[in-house]
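Novice: Show me the folded form of this:
(2 chains)
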Amino acid sequence: MAILLLAEHTNGALQAATGRAVSAAKALGGDIHVLVAGHNCKPAAEAAAKLSGVAKVLVADAPHLEHGLAEEVSALIVPLMANYDVLVAPATTYGKNVLPRVAASLDVMQISDITKVVSADTFERPIYAGNAIQTVQSPEAKKVVTVRISAFPSVAEDGSAPVESIAAPAAVGLSTFEKAELTSSDRPELASARIVISGGRGLQSSENFKKFLEPVADAMGAAVGASRAAVDAGYVPNDMQVGQTGKVVAPDLYMAVGISGAIQHLAGMKDSKIIVAINKDGEAPIFQVADYGLVADLFQALPELEAELKKTGQ
Amino acid sequence: MKILVPVKRVVDFNVKIRVKSDASGIDLANVKMSMNPFDEIAVEEAVRIKEKGGADEIVIVSVGPSKTQETVRTALAIGADRGILVETADGAAVEPLAVAKILKAVVEAEKPDLVILGKQAIDDDCNQTGQMLAALLGWPQGTFASKLVLESGSLLVTREVDGGLETVRLKMPAIVTTDLRLNEPRYPSLPNIMKAKKKPLDVKKPTDFGVDVTPRLKVLRIAEPATRKAGVKVGSVAELVQKLKTEAGVL
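Specialist: From the prediction side, this is the model:
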């Protein structure tokens, strides 16, 4: 079985999501070729070549591929699929944008957001925001699959696959990139961080996120997330949202601070290995899923936590 | 300009769903059904464009069992002009690819300039239909939209992407899928609900469009997710850090 895997990268830097999608592809069994589509994306291709289990890296480098527009990337992938049985991509906003366009062009039904590979044609995926798990089998001649990256570990970076340039088709030209307003941060990426600390409406303001939550995040080397309530209240931007309609995370440690635990938030973090809840309301639903709960005023607990982490050399 | 808004009838987002004990599906008996929340945002956006003079007709289309007429009427009450229901058998789920094929046929008949859809239905969580429709029509797509600006002959779409926001310019006609922050849908007023009952609603069948809605994928089972148990309460921050280090080993 030949597998084509669409790499996720930004400005030439390979994203961790790619390595996680590779481990899902490995579970399918078969030769994995990684496609890096972009412009001046050689560093991403070189990084992809190191991912364990990758047999070959294909690089399509062209100005019209620079911004990953779905119309352009899809036009690149569809003819390539003549040589592959499976197309895999991480279920990031990039993969979710591009893959259904490819699937429809190939006249196949996509399998979205898989959390487990049962066999080469059978997968588990969450439905109803993770309140049910569907086991689905695809008899399609070609399979198009997006992978929930929080459900798969990354692969080692000890490979040395050959990198091959391929020609990009002419620009489709239906869409053009205008601008990006990306949030810059020195902290780990939310979707792939080992530790995540999230704040809710209990933080009460944008200033309090900075003053109370962020120092604790930095003391642990954690990514910062937020509940939808905190996003809707305007404390933090939407790309920090953890939940059914935001990002789904499954870190080793998830700390929910001042978050009551609405179903929509739980859907985004309940697969975390260890969950800690800090909330002054001892009856808050978040405590029903937390491994460790601390009933406390977060404005006292967070500075104490920061001091404790620094004291114990974390 | 004409806008087409496809909508889906789903289990209301406030309902806690129950998995059937034989793992064959979700128990839908006596469960409250509503319009998919992302589709409500799509209808609202179309109505706002029309209210600002940017469109002269909004057509709603849905694919589903006969009760889906209620969902179409809700969209008409928000401010759309007429509806089309492509009626399918009760209890038979129609996959995004089949829905996209029906929508393609509707687009070819109705010739809208813009199609606005929800980015994802909250039942099957597929997030495919808009992108698939764009592919089948050969139109550009602006997915996960948080802002739309219409210019002559093109559309600026600000998209919610993983790292923040991205703005793309699409040639018209185009497909847009909505994210949560595009707008806050209004509640239809009682007079508008009454008026919506008199608005035209055509009922068709998938075969009218020559589309086979037989599922391609085989659902083997639907199960409850693994549940988490509540853990322990700790008495202090120091105890918490100590437990995370020694017991959980995550710090």
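Novice: wait, residue A:55 sits on residue A:26?
Specialist: No: applying C-beta atoms under 8 Å as the test, residue A:55 and residue A:26 come out as separate, 10.9 Å apart. C-beta coordinates here come from the backbone N, C-alpha and C atoms, glycine included.
Novice: what sits in contact with each of those two?
Specialist: residue A:32 (C-beta atoms under 8 Å, 6 or more residues apart in numbering or on different chains).
Novice: quick one: which of the two has more around it?
Specialist: Counted by other C-beta atoms under 10 Å in any protein chain shown, residue A:55 and residue A:26 do not tie: residue A:26 has more neighbours, with 18 against 14.
Novice: Am I right that that one sits in a helix?
Specialist: Yes: counting by DSSP: H, G, I helix; E, B strand; the rest coil, residue A:26 is located in a helix.
Novice: Spit out the contact partners of it.
Specialist: A:32, A:53, A:155.
Novice: what's the burial count for residue B:29?
Specialist: Residue B:29: 6 neighbours (other C-beta under 10 Å).
Novice: what's the closest non-adjacent residue to residue B:209?
Specialist: Nearest residue to residue B:209, sequence neighbours excluded (C-beta to C-beta, 6 or more residues apart in numbering or on different chains): residue B:105, at 3.6 Å.
Novice: Give me the helix or strand of chain A that scores worst on average pLDDT.
Specialist: Using mean pLDDT, DSSP states H and E, helix A:263-266 stands out as the lowest-scoring helix or strand of chain A, at a mean of 89.
Novice: Check whether it comes near chain B.
Specialist: Yes: counting by C-beta under 8 Å from any C-beta of the partner chain, chain B is contacted by helix A:263-266 at residue A:263.
Novice: Quickly run through the sheet partners of the following helix or strand past that helix, with directions.
Specialist: Going down the chain from helix A:263-266, the next helix or strand is strand A:274-279, by DSSP states H and E. Counting by DSSP bridges, the strands paired with strand A:274-279 are strand A:253-257 (parallel), strand A:292-295 (parallel).
Novice: quick one: contacts of strand A:274-279?
Specialist: Contacts of strand A:274-279 (C-beta under 8 Å, 6+ apart): A:202, A:252-261, A:269, A:284, A:286-287, A:289-296, A:298, A:301-302, A:305, B:228, B:231, B:240, B:244, B:248, B:250.
Novice: same deal with stretch A:212-221?
Specialist: A:187-188, A:194-195, A:197, A:199, A:203, A:222-224, A:253, A:255, A:257, A:298-299, A:302-303, A:305-306, A:309-310, A:314, B:251.
Novice: Are any of those buried, and if so which?
Specialist: Among the contacts of stretch A:212-221, those classed as buried by 16 or more other C-beta atoms under 10 Å in any protein chain shown are A:188, A:195, A:197, A:199, A:203, A:222-224, A:253, A:255, A:257, A:298, A:302, A:305-306, A:309, B:251.
Novice: Out of the residues you listed, which sit inside helices?
Specialist: Those of those mapping onto helices are A:298, A:302, A:305-306, A:309, per DSSP state H.
Novice: Make TSV out of those residues and add pLDDT and distance to chain B.
Specialist: Shown next, in TSV, are these (pLDDT from 0 to 100; distance: C-beta to the nearest C-beta, whole Å):
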residue	pLDDT	distance to chain B
A:298	97	11
A:302	97	9
A:305	97	5
A:306	96	9
A:309	94	6
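Novice: And for the residue nearest to residue B:209, the neighbour number?
Specialist: Residue B:105: 17 neighbours (other C-beta under 10 Å).
Novice: in a strand, that's where it is, yeah?
Specialist: No: assignment of residue B:105 by three-state DSSP gives helix, placing it outside any strand.
Novice: Pull up the gap between it and residue B:140, please.
Specialist: 20 Å (C-beta to C-beta, to the nearest Å).
Novice: Excluding sequence neighbours, find me the nearest residue to residue 141.
Specialist: Going with chain A. Using C-beta to C-beta, 6+ apart, the closest residue to residue A:141 is residue A:108 (7.4 Å).
Novice: if you could check chain B rather than the one you did, that'd help
Specialist: Nearest to residue B:141 is residue B:134, by C-beta to C-beta, 6+ apart, at 3.8 Å.
Novice: show me where the stretch 101-250 of chain B has strands.
Specialist: B:114-118, B:141-151, B:154-161, B:164-171, B:174-178, B:201-204, B:218-223, B:232-234 (DSSP state E, counting those that start in this stretch).
Novice: in the stretch 151-300 of chain A, which ranges drop under the pLDDT threshold?
Specialist: Residues of the stretch 151-300 of chain A meeting the criterion pLDDT under 70: none.
Novice: just so I have it, where are all the strands in it?
Specialist: A:163-166, A:175-182, A:195-199, A:223-226, A:253-257, A:274-279, A:292-295.
Novice: Output those strands in TSV, with distance to residue A:128 appended to each entry.
Specialist: Listed next are the strands of the stretch 151-300 of chain A as TSV, based on distance: least, C-beta to C-beta, whole Å:
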stretch	distance to residue A:128
strand A:163-166	40
strand A:175-182	31
strand A:195-199	22
strand A:223-226	22
strand A:253-257	21
strand A:274-279	21
strand A:292-295	26
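Novice: mind checking which of the ones you listed is nearest residue A:5?
Specialist: With C-beta to C-beta as the measure, strand A:163-166 is the member of those nearest residue A:5 (14.2 Å).
Novice: Partner strands of the closest one and their direction?
Specialist: In its sheet, and by DSSP bridges, strand A:163-166 pairs with strand A:54-61 (parallel).
Novice: which ones are touching residue B:41?
Specialist: Counted by C-beta under 8 Å, 6+ apart, residue B:41 has contacts B:118, B:178-180, B:182-183, B:185.
Novice: Can you pick out the ones from those that are in helices?
Specialist: Using DSSP H, none of the contacts of residue B:41 sit in helices.
Novice: Strands along the stretch 1-150 of chain A, start to end?
Specialist: Using DSSP E, counting those that start in this stretch, strands in the stretch 1-150 of chain A cover A:2-6, A:9-10, A:13-14, A:31-38, A:54-61, A:86-90, A:110-114, A:116-119, A:122-127, A:132-137, A:143-147.
Novice: Now the weakest link among those strands, please, by mean pLDDT.
Specialist: Comparing mean pLDDT across the strands of the stretch 1-150 of chain A, the weakest is strand A:9-10, with a mean of 91.
Novice: And the contacts of that strand?
Specialist: Under C-beta under 8 Å, 6+ apart, the answer for strand A:9-10 is A:15, A:18, A:36, A:38, A:41, A:44, A:47, B:163.
Novice: and which of those residues is nearest to residue A:166?
Specialist: residue A:36 (10.0 Å).
Novice: Would you agree that closest one is in contact with residue A:7?
Specialist: Yes: using C-beta under 8 Å, residue A:36 is in contact with residue A:7, at 4.6 Å.
Novice: Find residues that contact each of the two.
Specialist: A:14, A:44, A:48.
Novice: Need those in JSON lines (columns: distance to chain B and neighbour count).
Specialist: Listed next are the shared contacts of residue A:36 and residue A:7 as JSON lines, based on distance: C-beta to the nearest C-beta, whole Å; neighbours: other C-beta atoms under 10 Å in any protein chain shown:
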{"residue": "A:14", "distance to chain B": "14", "neighbour count": "24"}
{"residue": "A:44", "distance to chain B": "15", "neighbour count": "25"}
{"residue": "A:48", "distance to chain B": "18", "neighbour count": "30"}
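Novice: ok, of those, which one's closest to residue A:68?
Specialist: Nearest member of the shared contacts of residue A:36 and residue A:7 to residue A:68, counting by C-beta to C-beta, is residue A:44, at 11.5 Å.
Novice: I'd assumed residue A:35 was in contact with the closest one.
Specialist: No: Residue A:44 lies out of contact with residue A:35 (C-beta under 8 Å); the separation is 10.8 Å.
Novice: anything in contact with each of those two?
Specialist: What both residue A:44 and residue A:35 touch, as defined by C-beta under 8 Å, 6+ apart, is the set residue A:7.
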